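Peer 1: Sequence and predicted structure are below.
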Amino acid sequence: LNDPVVVTSASGTITDLNDAFARSFMWRKDELIGQNTHLLIPSKFIRKSNHDARLKNYSVGNKSPIIGKSRIVPLSTPDDEEILVKINIVPIKSKKEHCFM
């Protein structure tokens, strides 16, 4: 897969990412795995995004306006550079847990 991909738990913890993501955005896997996705959101947007509240809201069965839809958002690199990226968040449901890709 050539597209950059990040996989997160239902709580927003990064559980995996592919090499294309690491190369494209200058992150190392060991810098991201186990971290909250807040690390990828530029700090000036974290409060406005209500990211954790939206994840919790979705996890209790409420619909999300962004799941399954493409949108352009800023992504933060390790040196705090902002890059506009097109994302599409896809829910993944397994017997053990829900996660997102």
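Peer 2: In hand now; what should we look at?
Peer 1: can you give me the helices for the protein?
Peer 2: 19-25, 29-32, 43-49, 51-59 (DSSP state H).
Peer 1: Point out the other helices and strands that the shortest one packs with.
Peer 2: By that I understand helix 29-32. In this structure, helix 29-32 makes packing contacts with strand 14-17, judged by 3 or more C-beta pairs under 8 Å, 6 or more residues apart in numbering; DSSP states H and E. Just so you know, the C-beta spots here come from the backbone N, C-alpha and C atoms, and that holds for glycine as well.
Peer 1: What would the strand it packs on look like as CSV? C-alpha coordinates only.
Peer 2: These are the backbone C-alpha positions of strand 14-17, laid out as CSV (Å, rounded to 0.1, in the frame of the first residue of the first chain):
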residue,chain,number,x,y,z
ILE,A,14,-2.0,5.0,17.6
THR,A,15,-1.5,1.3,17.3
ASP,A,16,0.2,1.0,13.9
LEU,A,17,1.3,3.0,10.9
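Peer 1: Would you report the backbone torsion angles of the residue lying closest to Phe25 once chain neighbours are set aside?
Peer 2: Nearest non-adjacent residue to Phe25, counting by C-beta to C-beta, 6 or more residues apart in numbering: Thr77, 5.5 Å away. When read as degrees, to the nearest 10, the backbone of Thr77 gives phi -90, psi 170.
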